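S.K.: what's the 3D shape of this:
(4 chains)
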There are 2 protein chains.
Amino acid sequence: MTNSHYMNNSHKIKAERREKEQQDRKKSILKAAREIFFRKGFMDSTVEEIAVKCGLAKGTIYLYFKSKEDIYISIMAEGLNLLKKDMEKVSGIDLRSDRLIEMLVHGYYDFYKRNKKYFRMMFLSSQPDVRSRVSEGLLKNCIAVGNDCMQIVSDIIKKGVADGLFRKVDHWAAANILWAMVNGIIMSYEEDPIYREEIVGIGLEEILNESISLALDGLRVKR
Amino acid sequence: MTNSHYMNNSHKIKAERREKEQQDRKKSILKAAREIFFRKGFMDSTVEEIAVKCGLAKGTIYLYFKSKEDIYISIMAEGLNLLKKDMEKVSGIDLRSDRLIEMLVHGYYDFYKRNKKYFRMMFLSSQPDVRSRVSEGLLKNCIAVGNDCMQIVSDIIKKGVADGLFRKVDHWAAANILWAMVNGIIMSYEEDPIYREEIVGIGLEEILNESISLALDGLRVKR
DNA sequence: GAGATATAATGACTAATAGTCATTATATGA
DNA sequence: TCATATAATGACTATTAGTCATTATATCTC
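M.R.: Residues are numbered from 1 along each chain as shown, chains lettered A, B, ... in the order given. Down below sits the predicted model:
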């Protein structure tokens, strides 16, 4: 009895260690993949290259990931989680809701500047032919994290409404609009990094500021 | 002299006919490609399939297009031009600027509903690894048509400002914000056709209406 | 520590496919 | 009718995602 218990425990420890080792391998694959996907984009990167970069054979990669798309989405998920962490930091600050919204968008812009590559990945991942090859679980996870981010925005708007600062808007809908607006603006600049600023005649940061004040104007109660 | 002139003329006619025949071939390739790209997306479509669909050999396709990406972008350009035509119709109407903006966005939404496939193509085309394989000229053309669309929005806002209906905003910047907002919202629904409506709890058309009134609220002069 | 068993890694292989180019067919002109 | 130019072809090359039989390594048992 004691023996079997002992054994069981030992098994558990071994299993845990194996689990950890597997996670480490996965991480090292992702590290190599990140660098390559960032540099070359999805289409121009090869699984072979990722394998070589982390000192494994191609076949080994497929022991840890079902497809190239799964690796890609896993990296995108990293980005989403980083973003979520940034946003959580802001949401914890004790300030008026409109100031928090401003900070959120500025934080988002900062994140974008620091992580442009993650952004591009997010845009590709919405393509149906990419999605169709991604494992259900990974996709669900991404959607969930994105949802968490939206929840943060929504909560801030909700608080603003409760405080009588904002009109009685549907805070979910408002959060989605705000988010989509910021995303759309960033994407429009992302499409034409150089050309865009030239034709619009105004920088991304400035235009984001404009859009925040426009949106907050629409949200605030009128006196 | 007369003879040579005659010849020249005959040559010109022949050259024109050849030109027309080439354009017809190009169109028939695009017709086949459109159907296949719409159904399968970029990655899952093959040039061979396009060739078979329009009764040509694969090699022939490459006499008319430099790459698969060029075919793809050419079809996307069709979509952009259709959109531009729709928008031009609205811009010709004699109404208050805020009503025109509403009509423009509704028209855009209608266009989206009728042409979802074109929209998806637009989103993919912003990926650097796709872009890098597209001919310079085709890309420039797309950007120019997109610019024309933005000009229409901008002109309407400009008129609204001139009429004292809108605040004295930078109409280019405002047009870009409005456009990006609408695009961002449509894209967010496009990402999760089913799931999205569920989590937001409100349909795309409704949320677009919300966003229009929010934006117009921000634009209108305060009394 | 030897042998047995389980787990992990490998890379040769298959299938698919973008793009090329020498060859063949077709149309035009003298 | 033959010559020349233009258009079309499809076999071929190179690349690459994903598989799987084989090999290596670690773990366990006695």
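
S.K.: Got phi/psi on A:R220?
M.R.: The phi/psi pair for A:R220 (degrees, to the nearest 10) reads phi -60, psi 150.

S.K.: same check, this time on A:A33
M.R.: With angles defined as degrees, to the nearest 10, A:A33 sits at phi -60, psi -40.

S.K.: Now do the same for it: its pLDDT.
M.R.: The model reports A:A33 with a pLDDT of 98.

S.K.: Which is the succeeding secondary structure element to the helix or strand bottoming out on mean pLDDT in chain A?
M.R.: One helix or strand of chain A scores below all others by mean pLDDT, DSSP states H and E: helix A:195-200, with a mean of 72. Downstream of helix A:195-200, the next assigned helix or strand under DSSP states H and E is helix A:204-219.

S.K.: what's the angle from that next one to helix B:204-219?
M.R.: With axes from the mean of the first three to the mean of the last three Cα atoms, to 10 degrees defining the directions, helix A:204-219 sits at 100 degrees from helix B:204-219.

S.K.: if you skip the residues just before and after it, what's nearest to the residue nearest the centre of chain A?
M.R.: Nearest to the geometric centre of chain A sits A:L80, at 1.6 Å (Cα atoms, centre = their mean). Among residues not flanking A:L80 along the chain, A:V145 sits closest, at 4.4 Å (Cβ to Cβ, 6 or more residues apart in numbering or on different chains). Using the backbone N, CA and C atoms, a C-beta is placed for each residue, glycine as well.

S.K.: Next, the buried residues of the helix or strand harbouring the one you found.
M.R.: Following DSSP H and E, one finds A:V145 within helix A:136-162. Buried residues in helix A:136-162, defined by neighbour count with 16 or more other Cβ atoms under 10 Å in any protein chain shown: A:138-139, A:141-143, A:145-146, A:149-154, A:156-161.

S.K.: what do you get for stretch A:21-41?
M.R.: Judged by neighbour count using 16+ other Cβ under 10 Å, the buried positions of stretch A:21-41 are A:25, A:29-30, A:32-38, A:41.

S.K.: quick one on the thing from earlier: report pLDDT for the residue nearest to A:L80.
M.R.: A:V145 carries a pLDDT value of 96.

S.K.: My guess is it contacts A:A77. True?
M.R.: Yes. Using Cβ atoms under 8 Å, A:V145 is in contact with A:A77, at 6.7 Å.

S.K.: And A:H106, how far from DNA strand D?
M.R.: With distances taken as Cβ to the nearest atom of the strand, to the nearest Å, A:H106 is found 37 Å from DNA strand D.

S.K.: just A:R167 next, same as before
M.R.: To DNA strand D, A:R167 is 48 Å away according to Cβ to the nearest atom of the strand.

S.K.: how deep is that residue tucked in, by neighbour count?
M.R.: The local packing of A:R167 (other Cβ atoms under 10 Å in any protein chain shown) involves 15 other residues.

S.K.: Wait, it touches A:V221, no?
M.R.: Yes. The pair A:R167 / A:V221 is scored as a contact, 5.3 Å apart, by Cβ under 8 Å.

S.K.: Sketch out the low-pLDDT regions of chain A for me.
M.R.: For chain A, the stretches with pLDDT under 70 are A:1-16, A:193-195, A:223.

S.K.: for DNA strand D, what are the nearby residues on it?
M.R.: A:10-11, A:14, A:17, A:44-48, A:58-59, A:62, A:67-69, A:133 (Cβ under 7 Å from any atom of the strand).

S.K.: how about 10 Å then?
M.R.: Contact residues (Cβ under 10 Å from any atom of the strand) of chain A with DNA strand D: A:7, A:10-11, A:13-15, A:17-18, A:21, A:40, A:42-51, A:57-63, A:65-72, A:133-134.

S.K.: Any of those residues buried? List them.
M.R.: Buried members of those, counted by 16+ other Cβ under 10 Å: A:42-43, A:45, A:47, A:50-51, A:61, A:65, A:68-72, A:134.

S.K.: re earlier: how far does the helix holding A:V145 sit from its chain's centre?
M.R.: Put simply, helix A:136-162 sits 11 Å off its chain's centre (Cα atoms, centre = their mean, to the nearest Å).

S.K.: Stretch A:31-41 now?
M.R.: That offset, for stretch A:31-41, works out to 16 Å (Cα atoms, centre = their mean).

S.K.: what do you get for stretch A:173-189?
M.R.: Chain-centre distance of stretch A:173-189: 14 Å, with Cα atoms, centre = their mean.

S.K.: re the thing from before, OK, contacts around the residue nearest to the centre of chain A?
M.R.: Counting by Cβ atoms under 8 Å, 6 or more residues apart in numbering or on different chains, A:L80 touches A:118, A:122, A:142, A:145-146, A:149.
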